[in-house]
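[1] Sharing a sequence plus its predicted fold:
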Amino acid sequence: MGKKNGSENDDEGSEVEFVADKNYGDPEKYDPSFHGPIDNRSCTDVICCLLFLAFIVGMFVVGGYAWMNGDPRKLVYPTDYKGQICGITPGVETKKYLFFFDLLKCSSTLSSFQLTCPTKQICLETCPTETYTALTEVFLNVVNVAPDFSKIKPYCDYGFDPETEYNDPTSKYHRDADGLQKMLEDEKCPTYYVESEPFLDRCVPQFLIDVVEGVLDAATSKDQFTSNITDSLNGKNLTLSNGQTFQPEDLASYLSDAVTIFLNFQKTAAMILDDFYAVWYSILLGLCAAMLVSFVYIVLMRFIAGPMVLFGIIGLHAVTAWGCYYCWTRYKELEDMQTDAEQSLADIGFTTDLNSYLNLKDTWYAFGITLAVIFGLLLLITLCLCKQIRIAIGMIQEASKAVASIISTLFFPVVPFILQVILFFVWGSIALFLASSGVQDCLKVAPSDSTFTYVDWNVSRVNFECDCSVNYTKADDTALSQLNISGFEDLDITCEFQSYEVPDLALYFQAYNLFGLFWLMYFIIALCQVTLAGAFASWYWTFHKKDTPTLAVTASFWRAIRYHLGSIAFGSLIIAIIKMIRVFLEYLERKLKGQENDVVKYLIKCLKCCFWCLEKFMKFLNKNAYIMIAVYGKNFCTSAKKAFFLLMRNFLRVFVVNQLTDFLLFLGVLFVVFLCSVCSFYYFTNSITVVAEYVPAPELNYYWLPIITIGVGSYVIAKGFFSVYDMAVDTLFLCFLEDLERHDGSAEKPYYMSKNLMKIVGKKNKKIKKTKQ
């Protein structure tokens, strides 16, 4: 800090001055032309600005690729076995419901609504309206009774006419060749179907929907389903083409396990939407109340900051002192008892029964010693840092005055909030389109032979790949014929859709898009910080605070976007790179999960910890660098160095101010969230008789839903308001430190700080003596 100058300050100065450490640069010199954020500045970090703009162009390129190749409807709407989107793809645009040939194959993994369900799936115009099993027709065929194909045909494969094939002597499905049985084995037609209703555009058994929705005849509906399928089987069990056998009762339970969880989700989601619709205005009023409470809290901070810090410090000391007293009394009580208290920790050993340890006098003795040490350290720190604590309180009070003076700063965070919402929408859209930009992965399958796979045949997967968009015929397949393998000649082979395979380029673009999210998000945050820092610095460096520029926020925002986009991009780029490294480490840890290499696991955890610390440090340094950029208009590296050296020359003050500020902001956020949540609880539960009489809360399915919404919303709003306050404290504190270094209180170099701060640090401005005429 430099030594005191002049004897005029000796009688006022009660603070011990620190000599500047040359390792952290020289103190700032007096500059008569400096009166706050300079106007004569130039563009900084131009190269990084150009790089940032080039990256934005790259985001447009990625977005264009995603738009041209992606189709999010693939992720939302059902897809049949040919890769056609039900209700969308030409040819099935009138068939919007997905029908599963054998829902039981999906039930074991509860994957009924996934593309990977291992059964044929086709698009239908309407779901089945009755329960039926085709095996009934097989039985009738055995006793020479003509099958009723009218019940089977609507649910058979595209273009497949079971009656024509059954009566065609040249067809493999002719009546004399057990044609109907082969149709079912080759999945040309379903083995069974049940009465269903659409759910998420999938045909779901009706009785399951009844059971989940809790209708009065749910049990009857389930019993009716069991009865219907029993009748259709003539009292026999249901036997699938793969040989599995199910009793009707087991079939009902098995299908229930497959889809109940999804139907429950549908019901819960509908009830939640109903609740939101009923109380949306109340939630909006609650969030407005959170804004009002946050604003009032910040305005009152100048009056309550001192008492709050004082009570907090006294309370912390009181709690530790009471803890010492309680441990001592428990120790004495156990010492006077002639029971198990005479045992030692070694006698008990390790046990999960905590009461065993609490019954030992040695436990309370150790607790008491620990709390006594903590109490002594707290007391010593408080006495040694009393001056710094007073400075911190003074800075908090000054920040409240600055926010109240430039009231527009409280509403400026709305701008970056809107920008971040737009950013998340754009990023999410690009990510969604990229995720759906995959190409169809189709394989040759033989429904009647489960061993017809490239794995079982021990051949390359490429030999089984095919094109779903082309009508596959075994006669045209040269890949299989060139394998010199027999056993597939008599199989009915089809080309079926498996999943969407995302190309490598789309994965690289996803990583680029994620990096863009990090960079742009922290760029927006940095832009807000530079703008607010410039406004608060203008307030501090105005000698008469009433002369603070009217449009301080607007002027600061213009300087930021006119001159310092490059510096803002530079600082946010550093954070984005660190975030990507942390994401990569998380990905690497997941990939190595289950591996037995403990050294690699330990190394990754160490790297995760190191980069977490590095990110926290760089955010702290960037924030202070942005303040220097807003005030002096220098580039990022110069500003970061200047801020770091200034902070290191005043390390104790920085530490105390940051900790006390975080403490008060934490209390503020906690107070706002607690107050709004408690009030909403009493309102939505109609616990306040007077309020419930005039403004009753509507009946809700989940009364805690609006309470949680208001609580989370209050937290977001409070964090937004108090982030402005936090930026005010940090900006004014750096200005205060420079004020101490630049000025000495003389008429030529007066302090810009308030009289309260000058009193705390033992400074004062000399009065200009008038000469007699």
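    Cool, the structure landed. Numbering: from 1, shown residues only.

[2] Flag every buried residue along stretch 666-680.
    Neighbour counts over stretch 666-680 (16 or more other C-beta atoms under 10 Å) mark 668-669, 672-673, 676-677, 679-680 as buried. The way it works is simple: take the backbone N, C-alpha and C, and place the C-beta from them, glycine included.

[3] Equivalent analysis for stretch 420-437, please.
    For stretch 420-437, a neighbour-count test (16+ other C-beta under 10 Å) marks 423, 426-427, 429-437 as buried.

[4] for stretch 578-589, same thing?
    Across stretch 578-589, burial judged by 16+ other C-beta under 10 Å covers 578-579, 581-582, 585.

[5] For this structure, which segments count as strands?
    97-100, 121-124, 132-133, 192-193, 196-199, 202-205, 238-239, 245-246, 439-445, 465-466, 494-501 (DSSP state E).

[6] Quick one, which of these gets closest to Ala630.
    strand 494-501 (48.2 Å; C-beta to C-beta).

[7] give me every residue that touches Met59.
    Listed by C-beta atoms under 8 Å, 6 or more residues apart in numbering, the contact set of Met59 reads 430, 512-513, 516.

[8] run the last query once more with 7 Å
    With contacts defined as C-beta atoms under 7 Å, 6 or more residues apart in numbering, Met59 is in contact with Gly516.

[9] pLDDT value on Arg562, please?
    At Arg562, the pLDDT value in this model is 90.

[10] ok, and the closest non-adjacent residue to it?
    The shortest distance from Arg562 to any non-neighbouring residue, by C-beta to C-beta, 6 or more residues apart in numbering, is to Cys43 (8.0 Å).

[11] is it true that the one you found touches Leu565?
    No - using C-beta atoms under 7 Å, Cys43 is not in contact with Leu565; the gap is 8.2 Å.

[12] Out of the buried residues of stretch 578-589, the closest to Asp275 would be?
    Of these, the one sitting nearest to Asp275 (C-beta to C-beta) turns out to be Lys579, at 36.1 Å.

[13] ok now the longest helix belonging to the chain, how far from the chain's centre?
    In terms of residue count, the longest helix belonging to the chain (DSSP state H) is helix 248-336. Put simply, helix 248-336 sits 19 Å off its chain's centre (C-alpha atoms, centre = their mean, to the nearest Å).

[14] Show me what it is packed against.
    When contacts are defined as 3 or more C-beta pairs under 7 Å, 6 or more residues apart in numbering; DSSP states H and E, helix 248-336 packs onto helix 104-107, helix 206-213, helix 218-232, helix 361-384, helix 386-405, helix 651-684, helix 704-742.

[15] Distance from the chain centre to the last one, please.
    Averaging C-alpha positions (C-alpha atoms, centre = their mean) puts helix 704-742 21 Å from its chain's average.

[16] which parts of stretch 288-298 are buried?
    Of all the residues in stretch 288-298, those buried under the rule 16+ other C-beta under 10 Å are 289-291, 293-295, 297-298.

[17] again, but for stretch 76-96
    Those would be 77-89, 92, 95-96, for stretch 76-96 by 16+ other C-beta under 10 Å.

[18] Which one of those is nearest to Glu333?
    Taking the buried residues of stretch 76-96 together and measuring to Glu333 by C-beta to C-beta, the closest member is Pro78, at 70.3 Å.

[19] Where among the strands of the chain is average confidence lowest?
    strand 238-239 (a mean of 51).
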